[in-house]
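In: What follows is a predicted structure for the sequence shown.
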Amino acid sequence: MGELTFQTGITALLLATAVLLAFVALFPSLPLTACTEVGYAGLADGPALYAFEGSEVVYTPDGGINECTTHAAVPGVPVALLLLGAVLIGASLRR
């Protein structure tokens, strides 16, 4: 059972890494994202997180020129997979 737990944890970590890399490649146009149509002015101050509005994450991809919102579950999926993988690996190594 310990080997299956370890393999499941590794799989969750690999899947989370793949999803995070896909998000970086798609940034700032993440899935389920809406942005203002001001135009892209470059990374003046870099991306910044503003706040949470209900179930939406509000951020700026370019230092304040544009404002984007995305559903909070979108970035939460790979984070949850990372945590799940770490817990499963830790549990299998502890036994």
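Out: Good, I have the coordinates.

In: Could you give the separation of the lengthiest helix in the chain from the chain centroid?
Out: With DSSP state H setting the assignment, residue counts place helix 2-26 as the longest helix in the chain. Mean C-alpha position of helix 2-26 versus that of the full chain (CA atoms, centre = their mean, to the nearest Å) differs by 12 Å.

In: And the helices in this structure, which stretches?
Out: Going by DSSP H, the chain shows helices at 2-26, 73-94.

In: Tell me the confidence at the residue most central in space within the chain?
Out: Per CA atoms, centre = their mean, the C-alpha nearest to the average position across the chain is that of Pro75, at 3.1 Å. As predicted, Pro75 sits at a pLDDT of 72.

In: circling back to that earlier point, let me know which of the helices of the chain is the nearest to Pro61.
Out: helix 2-26 (11.0 Å; CB to CB). Every C-beta, even on glycine, is put in place using the N, C-alpha and C of the backbone.

In: Now tabulate the helices of the chain in JSON lines and tack on distance to Glu67.
Out: As requested, the helices of the chain are arranged in JSON lines below (distance: least, CB to CB, whole Å):
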{"stretch": "helix 2-26", "distance to Glu67": "18"}
{"stretch": "helix 73-94", "distance to Glu67": "16"}
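
In: picking that back up, so the residue nearest to the centre of the chain touches Val57, yeah?
Out: Yes: using CB atoms under 8 Å, Pro75 is in contact with Val57, at 6.8 Å.

In: how close does His71 get to Leu81?
Out: 17 Å (CB to CB, to the nearest Å).
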